[in-house]
Each structure stands twice: as C-alpha cells, then as structure tokens.
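**Q** compute the structure for the input listed below.
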Amino acid sequence: MFSSIRGFLGRHKRKFIISGMVVGGAVLVVRYVGHKLEQWREEETTEILERAQRRSHFESTERTCDQTIVSLAPTVQETICGLTDTDRIVEQLKTAQPDQKLELWAQLKVLTFTRACVLAYGGAMLVATLRVQLSVIGGYMYQDHAGPGRVSSALQESYLSLCHHFLSHGVKELCTLIQDKVVAATRNLSLKQKLTLQDVEQLFWTIQAQVATDTLEPLRNMSRYVLLPALDALSYNLSDHDSEVLARIAAETADILDSDEVASVASSSVAHAFSALIDGLCEGFCAVRSSKESLNDPVPGHSRAPPRPNGTLPFSHPNAVLMPLAKLIPLVNSVIHNFISGDRQAPWLYHHLINDKFKVLSANIYEAFCQKP
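**A** Numbers count the residues shown, from 1 in each chain. Have a look, this model is predicted:
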C-alpha cells in the first residue's frame, strides 16, 4: 500500500508542487490584502479623527475670531465717528451766522458721506484681517500639537497685536483717502439739488470707483493699513526664535492680505454693505412720498398717481421720489446712526460677519497652514 502511495505521489509530484505553490501564493496574497486593508482602515480612521479634530479646532478658532471682531468693533467705530464728527457740525449749525452756514453744510456733506464709506470699507478690512490672522495662527497652533514649543503664548499675543496698527493709524489713513474721493465726487452737488435713490446709489458707486483706481486702494494694499510695519513688529520683547517666527508669519499674513483672493472677497463684502445702506435710504425715500414737498416735482418718466378716495397717496417707487441734498444728508446720518447703534452687536459689521465668502476663505487658509511643513 505504501508503495502504491509513493508511486502515486511520484507520478503526480509536479502537480502537487504547482498546487502547493498556488495555494501558498493565494494564502500570501490573502494575508497581504488583509494587512493592506487593515492598514488602510487605520489610515482612514486616523484621517477621519484628524479631520474631526481640525474641524473642531477651526470652529473654536472661528468663534474666537467673531468674539475678537465684536470686541474690537467699538474701538474702530469710535475712531471712525471721531474722525468724521458730524454731530459737532450739526451743533455749530444751530448757532452759526447765515454767512457761515454754507461752509458748515459743505463740511457736513463731506463728513456724512465719508463716514458712510469708511464704515463700509473699515468693516470689511477689520473682518478680513482678523479672519486671516486667526486662521494663520490657528493653523500654526494645530501643527504645534505635533511639535510643542513652536508657537509660544508670547508669540501669539505679539502676532495678534499687529492689527492694532489699524486702530491707531490705518483708520485715519483710510478716512483721509476716502474723504478726498468724497470731496471730488460731491464737489458739484448743491444743497438744493434734488436726487433720486438711484442718483444716491450712483454717487456711492462713483466714490468706490475712484477709491479703486487710487494707488493706495485699501482692499489691494490691506497690509499697509492694518498691520504694524515689520521693523516695529520686531521690537516686541521676544526670544530670537520667536522673533524669526513672528517675522515669517507676519510676512505670510501680509502676502495673503494683499492677494487677489482677499481683495475680491472684501470687495464683495463692501458692495453688500453699500447695498444695506441703500436699503436703509430706500425706507427713508418711501417715508417721504406722502410729503407734498417731496412729490411736487416727479421724476421725468414717473407720473404721479392721483390720491385715493380716502385721501391717502398711492405708493410711489423710491426712484420716483426727488429729495433735496439738504434733506438727504440728515437721512444718511440717520441710517448710519441705526447701523452703529442697532439692536444687534456691531450692526455695521453684520453683513461682513455673515459673509460666507469670508468664512470659506478663512477655512482654506486654516487648512493650508495646518498642513504646511
């Protein structure tokens, strides 16, 4: 029997060898595939956990950013209102001599439109700066989990304080630039000149166009207005290592702030702010439609409908209402007052804070700096 078994094995030796190789290879392949699947699952789990951790850290950074913006808003608002003090001019008008009133009205006209424009630009610049800064330092801090000690608390504080330049100098420079454009755009507007809402909107577009063509246009040279100059930034009492890191981060932040992407998002946010201002003025134009004085001279092409049987005037489109500049200026001031003292916190910043483009921008910056070597 053993001889027959040996004979059988001898006759089929090659088949057994090949079958063994096939089975052994299959076992190795199965084990290799199983190992790779397990490795892939571990990598996927790690990546999911890292994404969740980054998401949680970013959301925390976003909340901190919003709180920081809202906390700095009153200081920026106070600075802007102080530089464009219309209340002082209004008080002077009450006691001024007739020959002084024309000059005071000219000042009031310039300061009123300047304040409206500076609030729109300043709000966008403040939000853009802090979203960029918090996203950059947030990315560095996330990396710091892997290599502790790279971003010290002193470095973080010094870096975030760079934007205080905007409060002390940038806002003043912004006001000066925009005031020059307002003077040029409103030079030929007399107090008796009547404007439609569309005319007012066109006036704001003219100011924006003139600002956009200036060599110091704020949205494309944002770092000039909002960040402390590099040499001054290095005057902080930091270690040599932290000074080097601060110089690098500050340079990276300046490059981001002056990029086309940030300028585009900020420009879009400024446009939303002006739209909100026009919407506020629209309510004012609608409110005066029942005034006989405001409806005496309808706009060409817009006929005035006769009164209704109950004596009330029918609805008139805001663009069918003419308002003298002397009445428009107090209306603009009233709308601005609502923007800076509304029910919500920092209402003049509201349209910038909820701008999804800013949020997407900050998320992209954070993600890039999280993975930066």
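
**Q** pop out the phi and psi values for residue 323.
**A** phi -130, psi 130 (degrees, to the nearest 10).

**Q** if I look at it, how far off is residue 210?
**A** 23 Å (Cβ to Cβ, to the nearest Å). To be clear about C-beta, it is placed using only N, CA and C from the backbone, and glycine gets the same treatment.

**Q** could you give me the average pLDDT of stretch 202-217?
**A** For stretch 202-217, the mean pLDDT works out to 95.

**Q** tell me which residues in it are buried?
**A** 203-204, 207-208, 210-211, 217 (16 or more other Cβ atoms under 10 Å).

**Q** got the contact list for stretch 254-266?
**A** With contact meaning Cβ atoms under 8 Å, 6 or more residues apart in numbering, stretch 254-266 is reached by 124-125, 128-129, 132, 136, 219-223, 226-227, 355, 357-358, 361, 365.

**Q** mind running it again at 7 Å?
**A** 124-125, 128-129, 132, 219-223, 226-227, 357-358, 361, 365 (Cβ atoms under 7 Å, 6 or more residues apart in numbering).

**Q** where are the low-confidence patches of this structure?
**A** For the chain, the stretches with pLDDT under 70 are 1-27, 29-30, 32-54, 144-150, 230-236, 288-318, 342-345, 372-373.

**Q** now the nearest residue to residue 96 once chain neighbours are set aside: how far from residue 92?
**A** Residue nearest to residue 96 in three dimensions, not counting chain neighbours: residue 104, with 5.6 Å by Cβ to Cβ, 6 or more residues apart in numbering. Counting by Cβ to Cβ, the separation of residue 104 from residue 92 is 6 Å.

**Q** now residue 370
**A** With Cβ to Cβ as the criterion, residue 370 and residue 92 are 55 Å apart.

**Q** got the buried residues for stretch 241-259?
**A** In stretch 241-259, counting by 16+ other Cβ under 10 Å, buried: 242-243, 245-246, 249-250, 252-254, 256-258.

**Q** among those, which ones are in helices?
**A** Counted as lying in helices by DSSP state H, out of the buried residues of stretch 241-259, are 242-243, 245-246, 249-250, 252-254, 256-257.

**Q** closest to residue 97 out of those residues?
**A** residue 257 (48.0 Å; Cβ to Cβ).

**Q** just to revisit the earlier point, let's have the buried residues of stretch 241-259 in CSV, adding distance to residue 81.
**A** Below are the buried residues of stretch 241-259 laid out as CSV (distance: Cβ to Cβ, whole Å):
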residue, distance to residue 81
242, 37
243, 37
245, 37
246, 33
249, 32
250, 30
252, 33
253, 28
254, 28
256, 30
257, 25
258, 28
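
**Q** farthest pair in those?
**A** 242 and 258 (24.2 Å).

**Q** for residue 204, which non-adjacent residue is closest in space?
**A** residue 274 (5.3 Å).

**Q** ok, now how distant is the one you found from residue 280?
**A** For residue 274, the distance to residue 280 - Cβ to Cβ - is 11 Å.

**Q** residue 351 now?
**A** 12 Å.

**Q** give me phi/psi at residue 213?
**A** phi -90, psi 0.

**Q** got a list of what it touches?
**A** Residue 213 neighbours (Cβ under 7 Å, 6+ apart): none.

**Q** residue 370 and residue 92: which is more packed in?
**A** Remark: of residue 370 and residue 92, residue 370 carries more neighbours, 19 against 15, as counted by other Cβ atoms under 10 Å.

**Q** where along this protein do the strands fall?
**A** 194-195, 323-324 (DSSP state E).

**Q** out of the ones you listed, nearest to residue 98?
**A** Taking the strands of the chain one by one with Cβ to Cβ, strand 323-324 is closest: 18.4 Å.

**Q** the closest one pairs with which strands, parallel or anti?
**A** strand 194-195 (antiparallel) (DSSP bridges).

**Q** now do the partner strand: everything it contacts.
**A** Outside strand 194-195, the residues touching it (Cβ under 7 Å, 6+ apart) are 297, 322-325, 328.

**Q** make JSON lines from those residues and add neighbour count to it.
**A** Compiled in JSON lines, the contacts of strand 194-195 are given as follows (neighbours: other Cβ atoms under 10 Å):
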{"residue": "297", "neighbour count": "10"}
{"residue": "322", "neighbour count": "21"}
{"residue": "323", "neighbour count": "24"}
{"residue": "324", "neighbour count": "15"}
{"residue": "325", "neighbour count": "19"}
{"residue": "328", "neighbour count": "25"}
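
**Q** distance to residue 198 added to those, as TSV?
**A** What follows is the contacts of strand 194-195, written out as TSV (distance: Cβ to Cβ, whole Å):
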residue	distance to residue 198
297	16
322	11
323	12
324	16
325	15
328	13
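
**Q** for the residues you listed, which one is nearest residue 117?
**A** Of those, the one sitting nearest to residue 117 (Cβ to Cβ) turns out to be residue 328, at 15.0 Å.

**Q** quick one, what contacts the closest one?
**A** 195, 200.

**Q** and the gap between it and residue 349?
**A** 25 Å.

**Q** residue 83 too?
**A** Taking Cβ to Cβ, one finds residue 83 at 18 Å from residue 349.

**Q** which of these two has more residues huddled nearby?
**A** The neighbour comparison of residue 83 against residue 349 (other Cβ under 10 Å) goes to residue 349, with 27 against 17.
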